[in-house]
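>>> Starting from these lines, generate the structure:
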Amino acid sequence: MDDAFYKNKNHETLWQKIFENMNSAGIKVTKQQIMNKWRNLKRKYKETIDLNKKTGNEKHEFKYQNEFDNLFGHKASTKAAVSFDSGVNAEERKKKREIDKKATRPKKRSAENLLMKMENMNKEMREQMERHQEEKLRRFDRLLDIIEKQGQK
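The predicted structure is shown next:
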């Protein structure tokens, strides 16, 4: 069965054999159920690998990790086949970082512009709220004056 899995992209005959073996063992499933289960397991395996690659995430486990690593671990779709060292020494890396910093400055400036706009909006809102509060206080003072005049009569 391993040859049928690795040598052929269309696993139709493989699914048929699995279907027949499971039914003869008394496990009643359809070929579509087998294919769906396999697809979901494979998706979960890839999700687990992706989640574990991200920094800051807690380690995720997949029940069949070892088995799937044996099947798919060598494929480029799940793991990088090769990684290269740039061969750049420390001095060159420092220069490259300085160049990269210069290249990212516009983003920093746009973030600063956004921050300034937000601060201006906040200031305008505060001023507007203060004007509303002052207007309320004036109305309340007028109301108190009217009540006071009514009390004097």
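>>> The strand or helix carrying residue 18: how far from the chain's middle?
Per DSSP states H and E: residue 18 is located in helix 12-24. With C-alpha atoms, centre = their mean, to the nearest Å as the basis, helix 12-24 stands 38 Å off its chain's centre.
>>> what about that helix, average pLDDT?
The average pLDDT for helix 12-24 rounds to 87.
>>> can you pull the buried residues of it?
14-15, 18-19, 22 (16 or more other C-beta atoms under 10 Å). All C-beta spots, glycine's among them, are computed from the backbone N, C-alpha and C.
>>> now do stretch 22-37
Across stretch 22-37, burial judged by 16+ other C-beta under 10 Å covers 22, 34-35.
>>> Could I get the pLDDT score of residue 52?
If you check residue 52, the pLDDT there is 80.
>>> Let's have the buried residues of helix 12-24 in CSV, adding distance to residue 135.
Written out in CSV, the entries for the buried residues of helix 12-24 read as follows (distance: C-beta to C-beta, whole Å):
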residue, distance to residue 135
14, 78
15, 76
18, 78
19, 78
22, 78
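>>> how close does residue 120 sit to residue 12?
64 Å (C-beta to C-beta, to the nearest Å).
>>> My error: substitute residue 44 in the last question.
Distance of residue 44 to residue 12, given as C-beta to C-beta: 23 Å.
>>> and what of residue 136?
The value you get for residue 136 to residue 12, if C-beta to C-beta is used, is 77 Å.
>>> Equivalent analysis for residue 37, please.
16 Å.
>>> what's the answer for residue 135, then?
Taken as C-beta to C-beta, the span from residue 135 to residue 12 is 78 Å.
>>> Tally up the residues packed near residue 39, please.
Neighbour count for residue 39, taken as other C-beta atoms under 10 Å: 10.
>>> Then residue 51?
13.
>>> quick one on the thing from earlier: ok, then the element right after the helix holding residue 18?
Past helix 12-24, the next helix or strand by DSSP H and E is helix 31-53.
>>> lowest average confidence, helix or strand, in the protein?
helix 2-7 (a mean of 57; mean pLDDT, DSSP states H and E).
>>> No more questions from me, cheers.
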